[in-house]
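Asker: Take a look and give me a structure for this.
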Amino acid sequence: MTPQTQTITDRLVDIKTVCAVLCRSRASIYRDIERGDFPKPIKRGHSSRWRVSDLNRIVAQGGDMAA
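Answerer: The predicted structure follows:
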């Protein structure tokens, strides 16, 4: 997929953005990943990224990963 055809929901964001959007700490995000309660990141080299569409789904659920 080229940047021109990539939609906003297909974008990838870093951990700082994830924390800001969900109002959660980095540690709590990674703890939930280890428990299987949060989407695993997509690795780009040494960087971890998450799909905006996954964050939108979490926000739509009220931020409750158990739902």
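Asker: how about the closest residue in space to residue 54 that isn't next to it in sequence, secondary structure?
Answerer: Excluding the flanking residues, the one nearest residue 54 by Cβ to Cβ, 6 or more residues apart in numbering is residue 39, at 4.6 Å. Backbone N, C-alpha and C define where each C-beta goes, glycine included. Recorded secondary structure, residue 39: coil (DSSP: H, G, I helix; E, B strand; the rest coil).
Asker: Can you give me every residue that contacts residue 39?
Answerer: Residues in contact with residue 39 (Cβ atoms under 8 Å, 6 or more residues apart in numbering) are 33, 50-51, 54.
Asker: got the buried residues for stretch 43-57?
Answerer: 48-52, 54-55 (16 or more other Cβ atoms under 10 Å).
Asker: Next: stretch 28-39.
Answerer: For stretch 28-39, burial by neighbour count (16+ other Cβ under 10 Å) applies to 29, 32, 38-39.
Asker: What separation is there between the residue nearest to residue 54 and residue 15?
Answerer: 12 Å (Cβ to Cβ, to the nearest Å).
Asker: residue ranges for the strands of this structure, please.
Answerer: 12-13, 42-44, 47-51 (DSSP state E).
Asker: partners of the residue nearest the centre of the chain in the sheet?
Answerer: The centroid of the chain falls nearest to residue 50 when counting by Cα atoms, centre = their mean (3.6 Å). Taking DSSP bridges as the rule, residue 50 bridges to residue 13.
Asker: Please tell me I have it right and it contacts residue 12.
Answerer: Yes. The pair residue 50 and residue 12 passes the contact test of Cβ atoms under 8 Å, sitting 6.6 Å apart.
Asker: what is in contact with the two at once?
Answerer: Each of residue 42 lies in contact with both residue 50 and residue 12 under the rule Cβ under 8 Å, 6+ apart.
Asker: Reformat the buried residues of stretch 28-39 as CSV; add pLDDT and distance to residue 61.
Answerer: Formatted as CSV, the buried residues of stretch 28-39 follow (pLDDT from 0 to 100; distance: Cβ to Cβ, whole Å):
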residue, pLDDT, distance to residue 61
29, 98, 15
32, 97, 13
38, 96, 12
39, 96, 12
